[in-house]
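Asker: would you be able to build a 3D model of this:
(2 chains)
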Amino acid sequence: MSATATSRARPGRAAPAVERAPSTAERMLAPVILGVVVIALWQLLAGSGLIEAYLLPSPAAIGEEIAAFAPSMASAAGLTGLNALIGLLAGTIVGIVAALLASAARLVDGMLAPIVAALAVVPIVALAPVLNTAFGADAQTGRQLIAALAAFVPVFINTARGLRQTRPVHRDLMRAYAATPWQTMKTITLRTAAPFTFTGIRLASSLAVISALVAEYFGGPRGGLGGLISTSAASSAYARAWAYVVAAIVLGLAFYLVALAIERAVSRRG
Amino acid sequence: MTPTSTPISTTITSAVSARGVDKTFSTKQGEVVALSGIDLDVAPGEFISLIGPSGCGKSTLLRIIADLDSPTSGTVEVFGTSAHQARLDQRYGIAFQQAGLLPWRTVAGNIALPLELHGVGPAERAARVDELVALVGLGDFAQKFPDQLSGGMQQRVAIARALAEKPALLLMDEPFGALDEMTREYMQTELLRIAAETGAAVVFVTHSIPEAVYLSDRVVVMSPRPGRIADIVPMRLGRAADRADDLREDGAFFEMITAVREALHGTPVSGPRGVETR
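Answerer: So this is what the prediction gives:
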């Protein structure tokens, strides 16, 4: 009896819950379920009358606004997105060039370091009114410049770091091959730095969107997401303001995901 | 043998000829003499090992031959030209302890690197890479990336890369130092085969006595502080090219190991100091 009991117990103990990595579908599903649950609770809460609609509009109301203002949201996202993109590209180019100069000459490095440190702590809210006024009320230049400034810092810092990661054995090898400085730059230095630069661009992508959007709160032409959020809120259209917030989240996510995909592709072998 | 005192022959040019090489490094603690009065000749096709405890300057000497460092005084000639000119002319191939492969390039891309840098056309490059992957036995791995290979395979890629331009001199700085013992013995036999097939002279830095004995025609024993050549021990084991694994159990092999050990420590042998005897 006892023998059968133990032999019976054995398979049960020998087969514990196997730690298995969750599949892609499972990993995708979990946050989706959480999101649905949260939105359902939110809808219940908003519909219960415990919270006033101006404090927290219901998801259904926000959804209606999204449906009603979809074309306007798309064009607003396009406008803010374009400002962010121009700023991101400009900031990235300037950041990479500055990092290259800094790595080429210690003097330049010494000159740039305090400037970059200063730029890194400049609050966007402090610059936005100044630049909006400086470039005129009907120009997007100020916003693009703010996005560029925000994007410049992480790209510069990461690229400068990446340019210092060249391995001594690779440098020896290039010297043994009597490679020209340009060949060494192209074959070793830039390729080693690339994953670092793309990490910088990923960080910069979110910052560029946030900066372009926040800059719209401080005057200048309307029509962007930031402008419409503040206009909607000012006219007590809270659900619509939230709808534009959703659009801003989608825009930021789109920038981030594209930058992340590029970073992954570049860093796969590094 | 008195190779250290013979003047450079005018008829047969040495692969490597070092005369009175000194190297002093300036550090925060003051001047450190890494090499002092090095005289060395390596004949074409000869396999030479540099052996000695850490700090004896064996790697520094190799780097000076490669013109990766310059001597404080003295001269180094490679095939009758200055080490500097020999580097510019690509007269040698080099391999380090770290394989130093570019992780973003395939095996084929890594082997092709020197050919690419020196303007060899794509067709010729591809043909040469095919030969080289076959030579180091990595035919099936040409399109793999370095992180998909074992340490021994990576090191074979590095050797293939060093051989890409058919150099008559191969400089190797502890290339098998990071490999496990079995892979290491296998690689040693492979290296002897490759050296015989290419006819290249080899200067091989190691801190393993059996490795030096197994591979070399002559073992250059160095002593530290300051780094100098203590002795040059000729290996009476037949042509290096004809050696195979059974030599490792041969009596003559152990005699040569003893000879190198005694040269390293001075007789009588008092036990290893900073040198692997495996």
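Asker: what about the closest residue to B:Ser26 other than its chain neighbours, which SS state?
Answerer: In this structure, B:Ser26 finds its nearest non-sequential neighbour in B:Val32, 7.9 Å apart by Cβ to Cβ, 6 or more residues apart in numbering or on different chains. (Each C-beta comes from the backbone N, C-alpha and C, glycine too.) Per DSSP: H, G, I helix; E, B strand; the rest coil, the local secondary structure of B:Val32 is strand.
Asker: surely B:Val32 touches B:Asp22?
Answerer: No. Counting by Cβ atoms under 8 Å, B:Asp22 is not a contact partner of B:Val32; they are 11.9 Å apart.
Asker: pick out the residue of the stretch 101-250 of chain A closest to chain B.
Answerer: Using Cβ to the nearest Cβ, A:Val169 is the residue of the stretch 101-250 of chain A that sits closest to chain B, at 3.7 Å.
Asker: for the residue nearest to B:Ser26, list each beta-bridge partner.
Answerer: Here B:Val32 shows beta-bridge partners B:Phe25, assigned using DSSP bridges.
Asker: OK, contacts around it?
Answerer: Taking Cβ atoms under 8 Å, 6 or more residues apart in numbering or on different chains as the criterion, B:Val32 is in contact with B:24-26.
Asker: closest one to chain A out of those residues, please.
Answerer: Nearest to chain A among the contacts of B:Val32, counting by Cβ to the nearest Cβ, is B:Phe25 at 15.8 Å.
Asker: what is the burial count for that closest one?
Answerer: By the criterion of other Cβ atoms under 10 Å in any protein chain shown, B:Phe25 has 14 neighbours.
Asker: report pLDDT for it.
Answerer: If you check B:Phe25, the pLDDT there is 86.
Asker: ditto for B:Glu276
Answerer: pLDDT for B:Glu276: 54.
Asker: which non-adjacent residue is nearest B:Asp250?
Answerer: On the basis of Cβ to Cβ, 6+ apart, the spatially nearest residue to B:Asp250 that is not a chain neighbour turns out to be B:Leu237, at 7.8 Å.
Asker: for chain B, list the residues in contact with chain A, please.
Answerer: Residues of chain B found near chain A (Cβ under 8 Å from any Cβ of the partner chain) are B:66-68, B:87-88, B:90, B:92, B:94, B:96, B:98, B:100, B:102-104, B:113-114, B:117-118, B:145, B:147.
Asker: just checking, B:Phe145 touches B:Gly109?
Answerer: No. No contact is recorded between B:Phe145 and B:Gly109 when judged using Cβ under 8 Å, the distance being 9.0 Å.
Asker: restrict the residues of chain B next to chain A to the buried ones and give me that as a ChimeraX selection.
Answerer: Selecting in ChimeraX just the buried members of those, where the criterion is 16 or more other Cβ atoms under 10 Å in any protein chain shown, is done with this command:
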select /B:66,67,68,87,90,92,94,96,98,100,102,104,113,114,117,145
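Asker: the residues of chain B next to chain A in strands, which ones?
Answerer: For these, the ones inside strands are B:92, B:94, with DSSP state E as the criterion.
Asker: kindly list the longest helix within chain B.
Answerer: Ranked by residue count, the top helix of chain B under DSSP state H comes out as helix B:181-198.
Asker: alpha carbons of whichever helix or strand comes after it, in PDB - could you do that?
Answerer: Taking DSSP states H and E as the definition, the helix or strand that follows helix B:181-198 towards the C-terminus is strand B:201-206. Listed in PDB are the C-alpha atoms of strand B:201-206, where the atom choice follows Å, rounded to 0.1, in the frame of the first residue of the first chain:
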ATOM      1  CA  ALA B 201      58.800  32.800 -40.000                       C
ATOM      2  CA  VAL B 202      57.000  33.000 -36.600                       C
ATOM      3  CA  VAL B 203      57.900  35.000 -33.500                       C
ATOM      4  CA  PHE B 204      55.600  33.600 -30.800                       C
ATOM      5  CA  VAL B 205      55.300  35.000 -27.300                       C
ATOM      6  CA  THR B 206      54.200  32.600 -24.600                       C
END
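Asker: same for strand B:201-206, what does it pack against?
Answerer: strand B:47-51, helix B:58-65, strand B:169-173, helix B:209-215 (3 or more Cβ pairs under 8 Å, 6 or more residues apart in numbering or on different chains; DSSP states H and E).
Asker: thought B:Ser216 was touching B:Ser49?
Answerer: Yes. Distance between B:Ser216 and B:Ser49: 4.3 Å, which falls inside the contact criterion (Cβ under 8 Å).
Asker: can you pull the residues that touch both of the two?
Answerer: Contact criterion Cβ under 8 Å, 6+ apart; residues shared by B:Ser216 and B:Ser49: B:Phe204.
Asker: list the buried ones in stretch B:171-189?
Answerer: Burial within stretch B:171-189, assessed by neighbour count using 16+ other Cβ under 10 Å, is assigned to B:171-177, B:179, B:183-189.
Asker: what about that stretch, average pLDDT?
Answerer: Stretch B:171-189 carries an average pLDDT of 86.
Asker: that stretch: end-to-end distance?
Answerer: Counting by Cα to Cα, to the nearest Å, the length from the leading to the trailing residue of stretch B:171-189 is 17 Å.
Asker: which of the buried residues of stretch B:171-189 sits closest to chain A?
Answerer: Chain A lies nearest to B:Leu171 out of the buried residues of stretch B:171-189, by Cβ to the nearest Cβ, at 8.4 Å.
Asker: wait, what's in contact with the closest one?
Answerer: The contact partners of B:Leu171, taken as Cβ under 8 Å, 6+ apart, are B:62, B:65-66, B:92-95, B:202-203.
Asker: apply 10 Å and report the result again.
Answerer: Contacts here follow Cβ atoms under 10 Å, 6 or more residues apart in numbering or on different chains; on that basis B:Leu171 touches A:176, B:16, B:62-63, B:65-66, B:68, B:78, B:92-96, B:162, B:201-205.
Asker: B:Phe145 now?
Answerer: Counting by Cβ under 10 Å, 6+ apart, B:Phe145 makes contact with A:268-269, B:101-107, B:109-110.
Asker: likewise B:Ala83?
Answerer: Shown here is B:Ala83, whose contacts under the criterion Cβ under 10 Å, 6+ apart are B:16-18, B:63-71, B:75-77, B:91-92.
Asker: give me the neighbour count for B:Gly139.
Answerer: Around B:Gly139 there are 10 residues (other Cβ under 10 Å).
Asker: give me the element the nearest residue in space to it that is not next to it in sequence is part of.
Answerer: Closest residue in space to B:Gly139, ignoring its immediate chain neighbours: B:Val133 at 5.3 Å, by Cβ to Cβ, 6+ apart. Taking DSSP H and E as the definition, one finds B:Val133 inside helix B:122-135.
Asker: picking up where we left off before, let me know the angle separating the longest helix of chain B from strand B:47-51.
Answerer: Here the directions of helix B:181-198 and strand B:47-51 differ by 140 degrees (axes from the mean of the first three to the mean of the last three Cα atoms, to 10 degrees).
Asker: tell me which other helices or strands helix B:181-198 touches.
Answerer: Secondary-structure packing of helix B:181-198 (3 or more Cβ pairs under 10 Å, 6 or more residues apart in numbering or on different chains; DSSP states H and E): strand B:47-51, helix B:122-135, helix B:151-162, strand B:169-173, strand B:201-206, helix B:209-215.
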